[in-house]
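Peer 1: Let me see the structure of the following:
(chains A, B, C and D)
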Protein chains: 2
Amino acid sequence: MITKTSYFKRKIIKELCFGNVLSAQQISVLVNRSLPVTIKLLSELVHEGMIIESGFALSTGGRRPQMYSLAAGKIHIISVAMDQVFTTLAVIDAQHHQISHARKCYLNLFENPNNLTGLIRCLEDFIKEASIEKDKIIGIGIGMPGFVDVSKGINYSFLDNDGKSIPDNIEQLIGIPVFIDNDSSLIALAESKFGAAKGKKNAMVINFGWGIGLGMILNYQLFRGNNGFAGEFSHVHLFDNNKLCECGKSGCLETEASLMVVIEKVKQALKEGKVSAIKHISDDFEEALSTVIRAALKGDQLAVDLLSEVAYNIGRGIAILIHILNPELIVISGRGATAGNMLLAPMQQAINKYCIPRLASYTQITVSPFSANAELIGGAALVIENYEKNIYQSVKNNAA
Amino acid sequence: MITKTSYFKRKIIKELCFGNVLSAQQISVLVNRSLPVTIKLLSELVHEGMIIESGFALSTGGRRPQMYSLAAGKIHIISVAMDQVFTTLAVIDAQHHQISHARKCYLNLFENPNNLTGLIRCLEDFIKEASIEKDKIIGIGIGMPGFVDVSKGINYSFLDNDGKSIPDNIEQLIGIPVFIDNDSSLIALAESKFGAAKGKKNAMVINFGWGIGLGMILNYQLFRGNNGFAGEFSHVHLFDNNKLCECGKSGCLETEASLMVVIEKVKQALKEGKVSAIKHISDDFEEALSTVIRAALKGDQLAVDLLSEVAYNIGRGIAILIHILNPELIVISGRGATAGNMLLAPMQQAINKYCIPRLASYTQITVSPFSANAELIGGAALVIENYEKNIYQSVKNNAA
DNA sequence: GCAACTTTTTAAAAAATTTAAAAAGTTGTG
DNA sequence: CACAACTTTTTAAATTTTTTAAAAAGTTGC
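Peer 2: Predicted structure coming up:
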């Protein structure tokens, strides 16, 4: 039933997904409703079995508050993480834990950029084969590369759907609410809600992957810009390198700072006969990458050097972000984050060189704990984030 | 009296300052209170003489709404615009019109960076001499160069006050609420509330002055970053020019894009014997600037060329902003905006070169109507913006 | 071990919002 | 050109929510 009550119940569930264990008072503030109302809603939710009373918190000097948390196994999400070649699917629960095997589909967007039917078949197969309890699935969250206009549900780079909304299309076929967003935005959302940037007001999340992306958290919220295209970090002009970028310009950050660049540099170095523990590098990018990073983590000088070079270039980009946005935190996330803390020193060096010291000192830099899983977790976060939306239109406008 | 009622009355007055003429329904949405409550507050405000019923709006197909606006001459603001050499004071009314002669004080921050007592004396003299009705003054808004931390009321670059709040200090002496902010932020606020960016959700305001500053409007609000230092645009590293910047680094945007650079270039060109309508250039910067801009507006090639060069460099900076923040609008404001639309072509050229075309097409660029007055208007906007704050603490948190 | 102080929870009073109805205008059709 | 159908604003009554006050449950220090 679509009522104001159910709207606020969903809002409470959402806050518990993001907050895990909360007192009535805390929830009251988060959903912006008074305590009497909140407590009434909470007791109803307990009766319905959606949430449980999970003991009392340690006292802060007064009566110990009753704590509430989500009942286990009531909420599942299908999360879909696309990159240019592979699409990964998994079922995630409210605590952002993966509760199914991840399924990998080969959907090559280079060869077939508009293969929306392929994506849908992929989803249908996954739902059929994974033993999914469909009534528990509250939504499907899909992260994809490209220029995504979230409000229109359109991706201007891939999955062309004749100008019609992709989520609406899939939702009609499968019968579960669908949400899409840009991959870098989803990674930022994952970090903001569950990861390194949890609880931070302003944070920049770098998606260090085959390209280089940026998701921005401003005032605790994902900032998408006026048309949803904010964070086009990769094509900022920073180099006079005469290297052509796929965007048509040259000198873009992406031409000197991405995992693709790392692999190319390693290949080139091996060809030139540089010594390294890496003897051969695969033509399969995934395999090549894990070879390089494994070598670097073991201390192989060539791998470390080349990763550092790229990290330094990312650092130049970060210096600009710090000047313009004065963020609290910068998170290095995405596939490249598996290289870990070795990335930080060269980045810091670039920042020292290109940043006003006072400004740089206010911004922390850290590597994500999620690394390659960030996009999947972000897909779940996206669905939770939208859980109470579109349920009770007239309330939606009232409640901030 | 400090009550919830007076809090919302002030909020209504604030919205009328920014909106001029509004219907009860519009106000109800803006202050986030229901129509019955809003209408009750409005009728009380009419009785008190603060606002007036100003006729009926044109019908949009139904009953014509009663419109409300501020009563004339009830609200005055003292606005103070500081630059490194001069401090300008004026009385501004709720419609951002100047209603006193502007008074200029010589307060040289290069020679005496921490001359807070000088500023206070300046204010006291102004209040004494200008025939000011003190009971109408709702606040003093001060814009100043430097790193300003608004929440702490501290300027880290100038006017050191032993770590204590500058506004609190002045307020205790003069007895009127005081608010400070960075000059570029104030200019952005002026444009957002009264100028070229009025009603825009995301806008970047370039303060083209002796240096180059940036104020950002994100989600209709001034974005200050985590420590209030966002918008340090001037020190983004963009050039390999080996020119030392006052920040200690080289290659900063400011070294190639500011009015100071324009004047230096003109001086250099005249020394080299280039032909121009400009025969002599003053050592007084203000005078020199107006000479150059007047010449450019009359079509003098040298002046136009050199202004264009600098505008092109600003355009390079703007290209970065567009990539990162995807703004709706970019406003060229500050002293340099007096040069007018001639700045736009070279900027657009830089954007064409350094921006992804699709992205650039979503962002408009315009020159401010305020030019040199923007900071004064911003000071007034700052006071109005804060008019209802700190009046009723417990409501403050509740009402978004 | 008990008084003084905190904090959460419940209950009653006050204020706000929602819903419905009335009032004031506009527009299109016969 | 008058009147019905439709809009939009304003007022009034019914609900809901928030506020305020009091009670309950703990903690801490003397």
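Peer 1: for A:G143, what are its contacts?
Peer 2: A:G143 makes contact with A:79-82, A:180-183, A:185-187, A:375, A:378-379, A:382 under the criterion Cβ atoms under 8 Å, 6 or more residues apart in numbering or on different chains. Quick note: C-beta positions are derived from backbone N, CA and C, even for glycine.
Peer 1: try 7 Å
Peer 2: If a contact means Cβ atoms under 7 Å, 6 or more residues apart in numbering or on different chains, then A:G143 has A:80-82, A:181, A:183, A:186, A:375, A:378-379 as its contacts.
Peer 1: And A:Y387, by the same measure?
Peer 2: A:10, A:13-14, A:138.
Peer 1: Equivalent analysis for A:A94, please.
Peer 2: Contacts of A:A94 (Cβ under 7 Å, 6+ apart): A:17, A:70, A:75.
Peer 1: same thing but at 8 Å, please
Peer 2: Under the criterion of Cβ under 8 Å, 6+ apart, the neighbours of A:A94 are A:16-17, A:70, A:74-75, A:77, A:384.
Peer 1: of all of chain A, which residue lies closest to DNA strand C?
Peer 2: A:G62 (1.8 Å; Cβ to the nearest atom of the strand).
Peer 1: Is that residue part of a helix or strand, or is it coil?
Peer 2: Assigned with DSSP: H, G, I helix; E, B strand; the rest coil, A:G62 falls in the coil class.
Peer 1: Counting neighbours, what do you get for it?
Peer 2: By the criterion of other Cβ atoms under 10 Å in any protein chain shown, A:G62 has 6 neighbours.
Peer 1: Kindly list the longest helix within chain A.
Peer 2: The longest helix of chain A (DSSP state H) is helix A:301-325.
Peer 1: How far away from the center of its chain is that helix?
Peer 2: The chain centre lies 21 Å from the centre of helix A:301-325; the measure is Cα atoms, centre = their mean, to the nearest Å.
Peer 1: per-residue confidence averaged over the helix or strand following it?
Peer 2: As assigned by DSSP states H and E, the chain's next helix or strand after helix A:301-325 is strand A:329-333. For strand A:329-333, mean pLDDT rounds to 97.
Peer 1: what residues are up against the residue of the stretch 301-400 of chain A at minimum distance from chain B?
Peer 2: With Cβ to the nearest Cβ, the shortest gap between the stretch 301-400 of chain A and chain B falls at A:N326, namely 2.8 Å. When contacts are counted by Cβ under 8 Å, 6+ apart, A:N326 touches A:202, A:359, A:362-363, B:224-232.
Peer 1: Got a PyMOL select line for the buried ones in these?
Peer 2: Buried subset of these, written as a PyMOL selection, criterion 16 or more other Cβ atoms under 10 Å in any protein chain shown:
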select buried, (chain A and resi 202+359+363) or (chain B and resi 224+225+226+227+228+229+230+231+232)
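Peer 1: Any chance of TSV for the contacts of A:N326, columns distance to B:H47 and pLDDT?
Peer 2: Below are the contacts of A:N326 laid out as TSV (distance: Cβ to Cβ, whole Å; pLDDT from 0 to 100):
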residue	distance to B:H47	pLDDT
A:N202	44	97
A:L359	51	91
A:Y362	50	94
A:T363	52	97
B:R224	38	93
B:G225	43	94
B:N226	45	92
B:N227	45	88
B:G228	41	88
B:F229	46	90
B:A230	43	93
B:G231	43	93
B:E232	49	91
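Peer 1: Tell me the one among the contacts of A:N326 nearest to B:E129.
Peer 2: For these, the closest approach to B:E129 (Cβ to Cβ) belongs to B:G228, at 33.2 Å.
Peer 1: Shouldn't that closest one be within a strand?
Peer 2: No. Going by three-state DSSP, the assignment for B:G228 is coil, not a strand.
Peer 1: gap between it and B:G378?
Peer 2: Here B:G228 is placed at a distance of 16 Å from B:G378 (Cβ to Cβ, to the nearest Å).
Peer 1: what does A:R358 give?
Peer 2: 24 Å.
Peer 1: Which residue is the nearest non-sequential neighbour of the residue most central in space within chain A?
Peer 2: Compute the mean C-alpha point of chain A, and by Cα atoms, centre = their mean the closest residue is A:I187, 1.5 Å away. Leaving aside its chain neighbours, A:I187 sits nearest to A:A374 (4.4 Å; criterion: Cβ to Cβ, 6 or more residues apart in numbering or on different chains).
Peer 1: Name the SS class of the one you found, please.
Peer 2: Assigned with three-state DSSP, A:A374 falls in the helix class.
Peer 1: cool, A:L344 as well?
Peer 2: Of the three states, A:L344 takes helix under three-state DSSP.
Peer 1: Now it: closest residue in space that isn't a chain neighbour?
Peer 2: A:I365 (6.0 Å).
Peer 1: CA atoms only: put the helix or strand hosting that neighbour into CSV for me.
Peer 2: Assigned by DSSP H and E, A:I365 falls within strand A:364-367. Only the C-alpha atoms of strand A:364-367 are listed here, as CSV (Å, rounded to 0.1, in the frame of the first residue of the first chain):
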residue,chain,number,x,y,z
GLN,A,364,43.8,13.2,3.6
ILE,A,365,44.4,10.5,1.0
THR,A,366,43.6,6.9,1.5
VAL,A,367,43.3,3.7,-0.5
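Peer 1: which other helices and strands contact that strand?
Peer 2: Counting contacts by 3 or more Cβ pairs under 8 Å, 6 or more residues apart in numbering or on different chains; DSSP states H and E, strand A:364-367 is packed against strand A:329-333, helix A:344-354.
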